[in-house]
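Engineer: My questions concern the predicted model and sequence given below.
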Amino acid sequence: MTAVAQWHDVLEGEELAYLAAEPPRAPRLVPFPDGLHPALRAALAAQGIEQLYEHQAQAYAAVRAGRHVIVTTGTASGKTLAFNLPVLDALAADPKSRAIYLYPTKALAQDQARGLGQLAVPRVRPAIYDGDTPQERRPQIRRWANLILTNPDMLHIGVLPRHDLWADVLHNLRFVVVDEAHVYRGVFGSHVANVLRRLRRLARIYGAEPQLVLASATIANPGELAHSLLGIEATVIGDDAAPRAERTVALWNPPLVDAELGLRASAIGEASRLLAALVQRELRTICFAKSRKSAELIHRFAAERVGAETAKRLAPYRAGYTPQQRREIERRLVEGELLGVSATDALELGIDIGLLDCAISVGFPGTVASLRQQWGRAGRRGHGLAILVASEDALDQYFMREPETLLGRRVEAAILDHANPRVLDGHVAAAAFEAPVDDADRAILGDEALERAPLVPELRHTRNGWVWAGRDAPAARTPLRSSSADAFTVVDASTGALLGLVERERVYSTVHEGAVYLHLGDTYLVRELDLAARRAVVEPFAGDWYTQVKKETSTDIEEAKRVERRLGLELSFGVVSVTERVVAFQRKGIRDGATIATVQLDLPPTTFETEAVWYLPTERQLEGLETMPTLLSSLHAAEHSMIALLPLWAMCDRWDIGGLSTNVHQDTGAPTVFVYDGHPGGVGIAERGFDRFEGWVADTARMLEGCPCEHGCPSCVQSPKCGNLNEYLDKGGALTLLRRMLAS
């Protein structure tokens, strides 16, 4: 029986919103390059590799020619071999040369180390150097390994500040490989861009100019990403020559349970039903969920639907397990013992988990690139099935009604801004600690670093340049996942473990006393917020409600950097200061969203500067909408719906974006809608919205037109993060305004 026949009867019912097949593609193969080192050629042959895909050969040739390179091809297209080939070739010929491989997670480094171990190229000595590496092994690795696998956090805190211990590595550093480069976007990417610049600078100080090789999922701006991350011009290798099996794509929309309110059945319940049905047909299936809790629930519900023997062949996979537990699940997957796995996106990246038949994504994962990564897990060798199970989120429902906007869409652009002063200042201090910063560093660190140096506390200007005058190493003060050094720690009272960091600007809205706090999918209740100690104390929480704050927000325009006439109105991009005051929070039921209680809060306001895009609708565009409260409700609904659609244009989450709409703004004297970066200083999200304004507005209008609700629902204008608790929203008014803008 064919795989298609096996799943055919599963994909029936009113829930099926779309079904189509993506055709197979034959590989384009070429022979090994003539100059490939014989030892590497023999090692590849021992693994059954006798030819290359064209894009692998192109990457090899570009690196051998001395160019920086970014390889951006699809899932399972052999990107790892594309960057390994020139690096291993060089190390086999000259084992004194060194290479550093950078991975966003420890699991990926472990997976790559296993692959290099199996390849066993003579004279290539790989080793992992991360937080789990025993102290007694570290000096040996620095002396002996010529291929070091690490992560940005270890590079930032454990390697660069102690560069004297790494002198031999840095002097002989020939390659820096950055895998999964699309992960480095937003605040995290902006920090990593500075860490990589500091690495390049130290290598130059020690007499090396390493080549930079990046590998990325397919994104809209690979060359721009390479430049943003590393400050270099890179050759883009993007013509994917790998084979692709035929794939069936299904969009699955849980049934409506309340048409007027736009409420649908649980996406988790539907996903568990599909998972159970597929594994009962002996189809090896992976199901991606957005949180640990969801992954665990899908596993539990699916196990309850199948027989005891089949249930033993199901497993959840997520962060939080020990490395040994995760390696065991990976082994069982690869060897075919497991039939079904419910996972967080920990398995989305390039970990080898063998051959699967089906991949289910529960809720749109935020970007088309990420969705393609998840779907690419299935059908690597034979016909595969890819399913998106929609949540009631506006973007998910938009795709259910307009599948071509998802399946025919180019992937998004990865956006970051290494020069954001809130990000940059800590790295200027770290660089000055590592070696005096002077004008010669402009070429690598950027002009902005030299401009910020006089403003960074504890830097002193000397004859040799800017030097660090503090007592401790400054790198430890700069967390890579926050744009604010003044962050609050979140501590689990039950274990004493540090769960994470929250920027000061977000503290009152996310970890106020009584808040339900999510960390890597686990749920906690905030027991205490200690402002003096900058610490939130939380405890595990199993309740069936969540919290949503009510905020009073205002914006002040600090500087309009770009002003243009677009869609018949004045559109601006620039710097704004946002002042927020959390005045209350609501407890809401998880199942129905009903308000259980409203609790007043007395918290001080917070103000931060960020980047924003804002527009002023004209009198003609607002004709018939100009009376209150219709005006404010229409602007508010337009703001919400545009925020929901912005992730289609920039690789971001709606939680990275804020907004404000007002019937008259003190700085413009007119009705104004603002959409701003939710991170202090901004990371380029709002500017991407400015650049793509026409397409962004058109997508938003199409989403509103297609939503079947009458007055507005979670699938169009209601937002889970609205500071006004979704009060005063006029869907019809918003659609009228957007249509008139497009007609202009």
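Structural biologist: Perfect, I can see it now. Just so it is clear, the structure is predicted and the values come from calculations on it, not from any experiment.
Engineer: Show me what the closest residue to W252 other than its chain neighbours is bridged to.
Structural biologist: Leaving aside its sequence neighbours, W252 sits nearest to V389 (CB to CB, 6 or more residues apart in numbering; 4.7 Å). Where C-beta positions appear, they are placed from N, C-alpha and C, glycine not excepted. Under DSSP bridges, the beta-bridge partners of V389 are W252, V362.
Engineer: Quick check, V389 in contact with R273.
Structural biologist: No. Using CB atoms under 8 Å, V389 makes no contact with R273, being 9.6 Å away.
Engineer: Those two: which has the busier surroundings?
Structural biologist: V389 (30 against 20; other CB atoms under 10 Å).
Engineer: Who are the contact partners of that one?
Structural biologist: Contacts for V389 (CB atoms under 8 Å, 6 or more residues apart in numbering) come out as 252, 254, 267, 270-271, 274, 360-363.
Engineer: Buried subset of these, written for ChimeraX?
Structural biologist: Buried subset of the contacts of V389, written as a ChimeraX selection, criterion 16 or more other CB atoms under 10 Å:
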select :252,254,267,270,271,274,360,361,362,363
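Engineer: out of the contacts of V389, which one sits closest to V30?
Structural biologist: S361 (33.9 Å; CB to CB).
Engineer: how near is the closest one to T344?
Structural biologist: 12 Å (CB to CB, to the nearest Å).
Engineer: again with A113
Structural biologist: Taken as CB to CB, the span from A113 to T344 is 22 Å.
Engineer: neighbour-wise, which of those two wins?
Structural biologist: T344 (22 against 17).
Engineer: Quick check: the more buried one touching S291?
Structural biologist: Yes. T344 lies in contact with S291 (CB under 8 Å); the separation is 6.7 Å.
Engineer: Report how many residues lie close to the nearest residue to T606 once chain neighbours are set aside.
Structural biologist: Spatial nearest neighbour of T606, excluding adjacent residues (CB to CB, 6+ apart): E505 at 5.1 Å. Neighbours of E505 under the rule other CB under 10 Å: 23.
Engineer: next structured bit after the host helix or strand of E505?
Structural biologist: In this assignment (DSSP states H and E), E505 forms part of helix 504-510. Sequence order places strand 516-519 as the next helix or strand after helix 504-510, per DSSP H and E.
Engineer: what packs against the helix or strand just after that following strand?
Structural biologist: Helices and strands here follow DSSP H and E; after strand 516-519, the next one along the chain is strand 522-530. Helices and strands touching strand 522-530, by 3 or more CB pairs under 8 Å, 6 or more residues apart in numbering; DSSP states H and E, are helix 292-305, strand 516-519, strand 535-540.
Engineer: Name the stretch among the ones you listed that sits most buried.
Structural biologist: Comparing the helices and strands packed on strand 522-530 by mean neighbour count (mean count of other CB atoms under 10 Å), helix 292-305 comes out on top with a mean of 21.
Engineer: Could you find the closest non-adjacent residue to G706?
Structural biologist: Nearest to G706 is R401, by CB to CB, 6+ apart, at 4.0 Å.
Engineer: residues touching the one you found, list them.
Structural biologist: 17, 706-707.
Engineer: hmm, 10 Å instead?
Structural biologist: 17-18, 251, 253, 390, 702-703, 705-708, 715 (CB atoms under 10 Å, 6 or more residues apart in numbering).
Engineer: tell me the pLDDT at L525?
Structural biologist: Listed pLDDT for L525 reads 94.
Engineer: same check, this time on R138
Structural biologist: 96.
Engineer: From E434, how far out is the residue of the chain most remote from its centre?
Structural biologist: Taking CA atoms, centre = their mean, the residue of the chain most remote from its mean C-alpha position is R463, at 42.3 Å. From R463 across to E434, the span is 18 Å (CB to CB).
Engineer: Please apply the same query to R332.
Structural biologist: In this view, R332 and E434 are 44 Å apart by CB to CB.
Engineer: The nearest residue to A487 once chain neighbours are set aside is in what secondary structure piece?
Structural biologist: Distances taken as CB to CB, 6+ apart place L501 nearest to A487, at 4.2 Å, with adjacent residues excluded. Assigned by DSSP H and E, L501 falls within strand 498-503.
Engineer: Name the residues that touch the helix or strand hosting V491?
Structural biologist: Assigning secondary structure by DSSP H and E places V491 in strand 487-492. Strand 487-492 has contacts (CB under 10 Å, 6+ apart) with 477-479, 481-482, 497-507, 510-511, 517, 519, 522, 524, 526-531, 533-540.
Engineer: could you redo the last one with a cut-off of 8 Å?
Structural biologist: 479, 497-504, 507, 511, 517, 519, 524, 534-540.
Engineer: low-scoring pLDDT stretches of the stretch 201-350 of the chain, where are they?
Structural biologist: For the stretch 201-350 of the chain, residues meeting the criterion pLDDT under 70 lie at 292, 318-323, 326, 346-350.
Engineer: same question, the stretch 551-700 of the chain
Structural biologist: Using pLDDT under 70, the stretch 551-700 of the chain drops low at 590-593.
Engineer: for the stretch 1-150 of the chain, same thing?
Structural biologist: Applying pLDDT under 70 to the stretch 1-150 of the chain picks out residues 1-5.
Engineer: all strands for it, in order.
Structural biologist: Here the stretch 1-150 of the chain has its strands, by DSSP state E, counting those that start in this stretch, at 16-22, 29-30, 52-53, 69-72, 98-102, 126-128, 147-150.
Engineer: circling back: R332 and E434 - which one has more neighbours?
Structural biologist: The residue with more neighbours, out of R332 and E434, is E434; 22 against 17, by other CB under 10 Å.
Engineer: picking up where we left off before, ok, now which ones touch the residue farthest from the centre of the chain?
Structural biologist: Going by CB under 8 Å, 6+ apart, the list of residues near R463 is empty.
Engineer: before we move on, what about S494?
Structural biologist: 539-540.
Engineer: So it, which state does it fall into?
Structural biologist: coil (DSSP: H, G, I helix; E, B strand; the rest coil).
Engineer: Could I get the pLDDT score of it?
Structural biologist: Note for S494: predicted pLDDT of 88.
Engineer: just to revisit the earlier point, which residues do S361 and T344 both contact?
Structural biologist: Common neighbours of S361 and T344 (CB under 8 Å, 6+ apart) are F288.
Engineer: which residues touch stretch 246-256?
Structural biologist: With CB under 8 Å, 6+ apart, stretch 246-256 has contacts from 4, 7, 11, 14-24, 262-267, 269-270, 274, 375, 378-379, 383-390, 397, 399-400, 403, 406-407.
Engineer: no, scratch that, I was asking about stretch 533-546
Structural biologist: Under CB under 8 Å, 6+ apart, the answer for stretch 533-546 is 486-494, 499, 502, 504, 507, 511, 516-517, 522-530, 587-591, 596.
Engineer: Report how far apart the opening and closing residues of it are.
Structural biologist: End-to-end distance for stretch 533-546: 26 Å, by CA to CA, to the nearest Å.
Engineer: Could you do stretch 475-486 as well?
Structural biologist: 14 Å.
Engineer: Pull the number of nearby residues for R264.
Structural biologist: Applying other CB under 10 Å, I find that R264 has 24 neighbouring residues.
Engineer: which non-adjacent residue is nearest it?
Structural biologist: Closest to R264 by CB to CB, 6+ apart is P254, at 4.5 Å.
Engineer: which stretches of the stretch 351-500 of the chain form helices?
Structural biologist: In the stretch 351-500 of the chain, the segments counted as helices under DSSP state H, counting those that start in this stretch are 368-375, 394-401, 403-407, 421-434, 442-445, 447-452.
Engineer: what secondary structure does R581 sit in?
Structural biologist: Secondary structure for R581, judged by three-state DSSP, is strand.
Engineer: which residue sits closest to it in space, ignoring its chain neighbours?
Structural biologist: R581's closest residue in space is P605 (CB to CB, 6+ apart), at 4.1 Å.
Engineer: Report the separation between the one you found and L501.
Structural biologist: For P605 relative to L501 (CB to CB), the value is 21 Å.
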